[in-house]
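Colleague: Here is a sequence with its predicted model. Questions after.
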Amino acid sequence: MNTSVMDESRNFINDYRDTFNNAPLVGMNETSAKSVFERYSANGFIIVSPCESYEDNELNIERIREMISLLKSLKYAYMPVYALMETAKEDYMYEKSFVIFNCIHHFNKNNEVGDLQRLFELGVELAEKYNQTTFMFQEPNGKPKCFKKDGTLESECDGVEFNDFTIKYWNDLHHNTMKCKDDEYAFMGCYVNPRPQSLCERMSRDAHGEVFI
């Protein structure tokens, strides 16, 4: 699962979908990515990872595909996000998670606002299913909060910018779920998939509920 930060052509779309898209990942600090995220996140969202171990990439890919199929069946709009982490050995790896928006996605139709309580319950279910110690939940106009997989509050985040509170989320993920020491990993930034490179790819990703730039 380790991926060199120097591999500028690397994205992870082909892990779960056949595509010729070899464009690099896009930083969340770029205007195009921030604007899309802010538009979809206005009604609330959760962040949760289906991945448990960095050592079993095949299992992680299987879990990612499973989550995408589940979200498609539930009609939730989602955005895969990748946290670039630097290890104490100066290696780099990407932690893969999903932002799941409180947005019911309809292919080629207008989306609708979902049930916020149901979204929170989905976060609890996914954290339990994938053995995650915590997941992040944000209500509209509220502060992001980290909840344990039993649904109880663990902590509240002060940051309101995406990169601010994702630092908290991924640090908690490494410390609690991965059982890593605080000094073993450093958060380097958050990335999303590149834009579709063809109409066919665009329609396929949209049909599955993926939000992209």
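Modeller: Looks like it arrived, so ask away. All values derive from a computational prediction rather than experimental measurement.

Colleague: hang on, L59 is in a helix, isn't it?
Modeller: Yes - when DSSP: H, G, I helix; E, B strand; the rest coil is applied, L59 is found to be in a helix.

Colleague: What degree of burial does it show, as a neighbour count?
Modeller: 13 (other CB atoms under 10 Å). In short, each C-beta sits where N, CA and C put it, glycine included.

Colleague: Kindly report the same for the one 5 residues further on.
Modeller: Here the number of neighbours of I64 (other CB under 10 Å) works out to 20.

Colleague: does it belong to a helix or a strand, and which?
Modeller: Take DSSP states H and E as the rule and I64 turns out to sit in helix 57-74.

Colleague: per-residue confidence averaged over that helix?
Modeller: Mean pLDDT, helix 57-74: 94.

Colleague: Go through that helix and flag the buried ones.
Modeller: 60-61, 63-64, 67-68, 70-72, 74 (16 or more other CB atoms under 10 Å).

Colleague: From the residues you listed, pick the one nearest L84.
Modeller: Comparing those against L84 with CB to CB places N60 closest, at 16.1 Å.

Colleague: how about the closest residue to that closest one other than its chain neighbours, what does it touch?
Modeller: Residue nearest to N60 in three dimensions, not counting chain neighbours: C51, with 4.3 Å by CB to CB, 6 or more residues apart in numbering. Neighbour list for C51: 60, 63-64, 95-97, 130 [criterion: CB atoms under 8 Å, 6 or more residues apart in numbering].

Colleague: switch the cut-off to 7 Å
Modeller: Counting by CB atoms under 7 Å, 6 or more residues apart in numbering, C51 makes contact with 60, 63, 96.
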